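A.B. asks: Structure of the sequence below:
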Amino acid sequence: MSIDWSKLGFAYMDTNSHIRYTWRNGKWSDGELIREPYLKMHIAATALHYGQAAFEGLKVFRGKNGVVSAFRPYENARRLQASARRNCMAEVPEELFMDALRRVVKDNMDFVPPYGTGASMYVRPLLIGTGAQIGVNAADEYTFIVMVMPVGAYYKGGLQPVRALVIDDFDRAAPYGTGTVKLGGNYGAALLPHKIANDKGFPVDLYLDSVERKYIEEFGTSNFIAIDAKGAYVTPKSHSVLPSVTNNGLKTLAAHLGMKVEERQIAFDEISSFQEIAACGTAVVITPVNEIVRGDQVIRVGPREGCGPILQNLYNNYTAIQWAEAPDPFGWLEAI
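C.D. replies: Residues are numbered from 1 along each chain as shown. Now for the predicted structure:
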C-alpha cells in the first residue's frame, strides 16, 4: 500500500475493512469485520422507505507522541443515541460504539496518516433500519456500521475565508422537527438549496429561523459561530440546530481561555456588528466566513484574507490538542 498523504482530499477511500453489528430480537450481535464495502439488505428496509438512518462523523489522529487516539468519541456515541431515540431506532450502547471504533481502527491502522502530514482518519458510524416494513412503522432489525478512511487537511495553506448565501426559500428543519439530531433525511432536504448556493458561487449556505426569518440558525452542514464586538464567543440557541461536537468543544475551550461564551438567539441584523464569523464542524474545525449575502444585501465581516485572530487562536489551541501537541486538560483524546 502506498498513499501520498499530501494529496488526500475529503473523499471516500477503500480500506481493509468496516465493522458491522446487527440488532435482532432485542439484542446486538458481536460485530464482524467485513472486507468488501457493500451491504445486502431487504428491498423493504425502513432505511430506504421511511428514512430510518442516522450517522456520525469523528476523527482519529496519530499524535506527536506517536499515540493513535480518537477525538471525543463518547460525544458522538451519545448523539447517535439521541438520533436513534428520535427516529424510533435501536440505540447503540456506548460500550458497543467504542468496541466498534477500536476494532475497526486497529484493523485499519495502516490507514491512519503519519503525524506531520496534516491528514487524519475520518470515522463514519452509520445506523440504519434494515428490517422489512411496508406500513409506516419502525423496523424490527437494525444494522450498525463503522467505516474509516484517511482524509487530507482541508486547508493546506492556512484557514481561508468563504462567502455564504442566506437561504430564504427553503428550511433546513422545522422548529420542533428533527434538526437537533443527525438523521440522513435532514441532509437530503438540504441538497437542493446547497446546490443552488454552490451554482451561484457560494461554498456555504446559511439558514434563518423558519417562522420569522429573523434569527440565525446554522449553515447547511455546520454550526454558526461568531466573535462579537466585545470579544465574546456567540452561537445560536434554537430547537432546530444540531448540537455540534466541534462547537461544544470550541465553547469549552473558549471559556477555558477566559472568553465569555453566549448561546442565545442571534438576530440576522447583528451580523454586521461581529468581528469574526465562521462555520464549525468535524471536517475543518473552523471555516472563516467573511461575506454573507442575502438578496441585494452584502455584509462583509473580518479580514479579506485568512482568519481573524480570535478564531485563529481557538483553532490553533483546538487542533494542538487533537495532535497531542499540547496538554489535553479536558480528557478529549481516547487512545486506541
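A.B. asks: Quick one: residues contacting Y122.
C.D. replies: Y122 makes contacts with 10, 57-59, 148-151, 282-283, as judged by Cβ atoms under 8 Å, 6 or more residues apart in numbering. Just so you know, the C-beta spots here come from the backbone N, C-alpha and C atoms, and that holds for glycine as well.
A.B. asks: Narrow those residues to those in strands?
C.D. replies: 58-59, 148-151 (DSSP state E).
A.B. asks: still on that earlier bit, with distance to Y215 and neighbour count added, can I get the contacts of Y122 in TSV?
C.D. replies: Listed next are the contacts of Y122 as TSV, based on distance: Cβ to Cβ, whole Å; neighbours: other Cβ atoms under 10 Å:
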residue	distance to Y215	neighbour count
F10	30	12
G57	26	15
L58	29	23
K59	31	19
V148	37	26
M149	37	18
P150	39	21
V151	33	19
T282	25	19
A283	26	14
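A.B. asks: of all these, which comes closest to M259?
C.D. replies: T282 (21.8 Å; Cβ to Cβ).
A.B. asks: for the stretch 1-150 of the chain, what spans make up the strands?
C.D. replies: 18-24, 27-28, 32-34, 53-55, 58-62, 68-71, 120-129, 141-151 (DSSP state E, counting those that start in this stretch).
A.B. asks: pLDDT and distance to K195 added to the contacts of Y122, as CSV?
C.D. replies: CSV is the format used below for the contacts of Y122 (pLDDT from 0 to 100; distance: Cβ to Cβ, whole Å):
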residue, pLDDT, distance to K195
F10, 91, 18
G57, 98, 21
L58, 98, 27
K59, 98, 27
V148, 98, 28
M149, 98, 24
P150, 98, 27
V151, 97, 23
T282, 95, 22
A283, 90, 19
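A.B. asks: want to throw those residues into CSV with distance to P203?
C.D. replies: Shown next, in CSV, are those (distance: Cβ to Cβ, whole Å):
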residue, distance to P203
F10, 13
G57, 18
L58, 23
K59, 21
V148, 26
M149, 22
P150, 23
V151, 18
T282, 17
A283, 12
